[in-house]
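**Student:** Dropping the sequence and predicted coords here.
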Amino acid sequence: MGSIKKFFPYFKYLKRVWLHFGLGIIFGIIFSLSSGLGLPLMAEIAFPILFDNSDQAPEWLRLVVEKYFSNNVTGGFLLLCSFLIPAMILVRVLSGWANGFFMNYAGIFVVQELQKDTFSKIQNLPYNFFKNNQTGEIIASVLNYPNEIRRVVVDMSNDIVKQPLTLLAAISFLIYKSFASESFFISVIGILTVPILVFPIRKIGQYLSKRSRQIVKEGESLNSLVIETIQSPVEIRAFNLEERQIGRFTDILNRIFRFTIKSIRTSLMISPSIEFVSSLGFGVALYLGVQNGMEQGEFFALFIALYMAYGPIKRLGQMHGLVRQIEAPLNRVDTILNLKEDVCYIDKDSSDINNLAIQGQIEFKDVTFAYDDGLTVLDTVNFSLKKGSPLVISGKSGAGKSSLVNLILRLYEPSSGSIILDGKEIREYNPYVLRKSIAYVPQMPLLFKGTITENIRLGNLKATDSQVIKAAKDANAYEFIQRFKDGFDTVIGEKGSTLSGGQRQRIAIARAFLKNAPVMIFDEASSALDKKNKAIFNTCLENFADKYIVIIDHDKESLPEHYSILEL
């Protein structure tokens, strides 16, 4: 029960499909009743009359046969019974189909809603989250694990109602028959085998939980390896790493295979264990029943009821194993959904945000920053940005230049000291408001799959085509874009893989120019440009004299003399 409790918070996703889910449950109940009571009752009340044992049939049924069928059991009554058997099966199969359809409808909805929530949560998590978690783990938590959780929230909800009802229906018949017959203890013996089944099911569940954690861990490592390999085709070929990558991939697959086979081998023991214990109950019931003079028809009805009872027990045992197997994926998703967001995100459409104008005056006062591992990268940094006078941040690799930019963007918080924006502590600004006022070109600019126009327009989604073209011209990207067959409508590959490094940087610069924010940050934004294009870029910056500009650049000699320089 403790394992199932972990899934309770996810049942909220059923609220919007409660009608479909409810219909699925109702049809599941009909299926259960037609399975647990249909044939056993038929065998108990109708078969004695058909097989010349009418004294064992209920009195009300004998009166019905006498009044409406003139005691002719081989005529109309036989036809009625022959019709009722396929009719009950028809009800059973149709309700089973409807149950399956509506539950799958609800299931698919739950998966997509959970994926949306997980993906949305990831967007608002601290930047450090992406540093501390494997890409494969994050992707699996969004795309794969919600479907695993669905198997419990929806599929098991179905069985949690359907299987106990089937069991209850069968046991109710056993109890009824026990009070109506001297062979009461026979049904009791059959039921007493149920508690014995708990022990193997519990042990198997514990083992499956352990294997599940191993499979999840290896699966995430496999995802990360595949992503790493696909994203690094040049490096792999340049260093002849093909065999190494294949070997690592094969090793992980072999471990997954080994753990999966062990898990399957153990999970498949649930049904045989239940069936074996059930057969013991049948055997004892048969022996005691014959010893106490039980009639053939009576024992046949009890046999069917016991069989119907053990079916749900077997399924419930499999459900327990499933819950333990899905615990590891659940913990992954649960961890993400319950992570504390680094800041509070307010409604980006609110008037408070849209009417707030940030000028961009930034000042660092004794700012110190260290990562979680304790490594200090910035120590008591002080500077003040001046409008129209770009600040160049220079220093050797690892001096903390990019970390300083991350502090301005509030991807991290200072360990000590203050960052002042327009006279206020930067922590007082909502990140959406802050980042809306910053145009940023990273050291390795990322372009999204889509057209060149779409990538530039990310700087301002409301920009017109003429504004996009102007930004491209300012970034000296217009000429090479026009050389493409489709011009601005050219679809670039994932991460801009179809473009050169310099072309990617110029499109990213155009995107920043189009944003036209009061603060502009260029982190080695011209590192892939030749001298000519770099000079053009510096000239373009002269058009933004009303901006606060931060430039990270190793090549100080190529920059205009009036730029301020901060050496880290």
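**Tutor:** Yes, it's here.
**Student:** Enumerate the positions of the helix or strand that contains residue 204 that are buried.
**Tutor:** Using DSSP states H and E, residue 204 falls within helix 198-231. Buried residues in helix 198-231, counted by 16 or more other CB atoms under 10 Å: 200-201, 204-205, 207-226, 228-229. To be clear about C-beta, it is placed using only N, CA and C from the backbone, and glycine gets the same treatment.
**Student:** repeat for stretch 378-386
**Tutor:** So stretch 378-386, judged by 16+ other CB under 10 Å, has buried residues 378, 381, 383, 385.
**Student:** And the helices in the stretch 1-150 of the chain, which stretches?
**Tutor:** Using DSSP state H, counting those that start in this stretch, the helices of the stretch 1-150 of the chain run over 2-5, 18-36, 38-41, 47-50, 59-69, 76-123, 127-132, 135-143, 145-150.
**Student:** Pick the most buried one from the ones you listed.
**Tutor:** helix 145-150 (a mean of 22; mean count of other CB atoms under 10 Å).
**Student:** what residues does that one touch?
**Tutor:** The contact list for helix 145-150 (CB atoms under 8 Å, 6 or more residues apart in numbering) reads 7, 10, 107-108, 110-112, 114-115, 118, 326, 329-330, 332-333.
**Student:** Distance from it to the middle of the chain?
**Tutor:** Centroid separation for helix 145-150 versus its chain: 6 Å, with CA atoms, centre = their mean, to the nearest Å.
**Student:** same thing with stretch 370-378?
**Tutor:** With CA atoms, centre = their mean, you get 33 Å for stretch 370-378.
**Student:** cool, stretch 508-528 as well?
**Tutor:** 35 Å.
**Student:** can you check stretch 123-140 too?
**Tutor:** 13 Å.
**Student:** again with stretch 405-421
**Tutor:** Here stretch 405-421 is found 32 Å from its chain centre; the criterion is CA atoms, centre = their mean.
**Student:** Pull out the buried positions in it.
**Tutor:** 405, 406, 407, 408, 409, 410, 411, 412, 414, 417, 419, 421.
**Student:** for the protein, what helix or strand is lowest in average pLDDT?
**Tutor:** helix 351-354 (a mean of 47; mean pLDDT, DSSP states H and E).
**Student:** Past that one, which element shows up next along the chain?
**Tutor:** Following helix 351-354 toward the C-terminus (DSSP H and E): strand 362-370.
**Student:** Low-confidence stretches in the stretch 451-568 of the chain?
**Tutor:** Along the stretch 451-568 of the chain, the model assigns pLDDT under 70 to residues 525-529, 555-559.
**Student:** Please disregard the earlier target; I meant the stretch 251-400 of the chain.
**Tutor:** Checking the stretch 251-400 of the chain against pLDDT under 70 turns up 293-302, 304-310, 342-357, 373.
**Student:** all strands in it, in order from the N-terminus.
**Tutor:** 362-370, 376-384, 391-394 (DSSP state E, counting those that start in this stretch).
**Student:** can you list these in CSV and add distance to residue 76?
**Tutor:** Converted to CSV, these look like this (distance: least, CB to CB, whole Å):
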stretch, distance to residue 76
strand 362-370, 91
strand 376-384, 93
strand 391-394, 98
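**Student:** between those, which gets nearest to residue 337?
**Tutor:** Nearest of the strands of the stretch 251-400 of the chain to residue 337, taken as CB to CB: strand 362-370 at 28.9 Å.
**Student:** tell me what that closest one is packed against?
**Tutor:** Contact here means 3 or more CB pairs under 8 Å, 6 or more residues apart in numbering; DSSP states H and E; on that basis strand 362-370 packs against strand 376-384, helix 401-408, strand 416-421.
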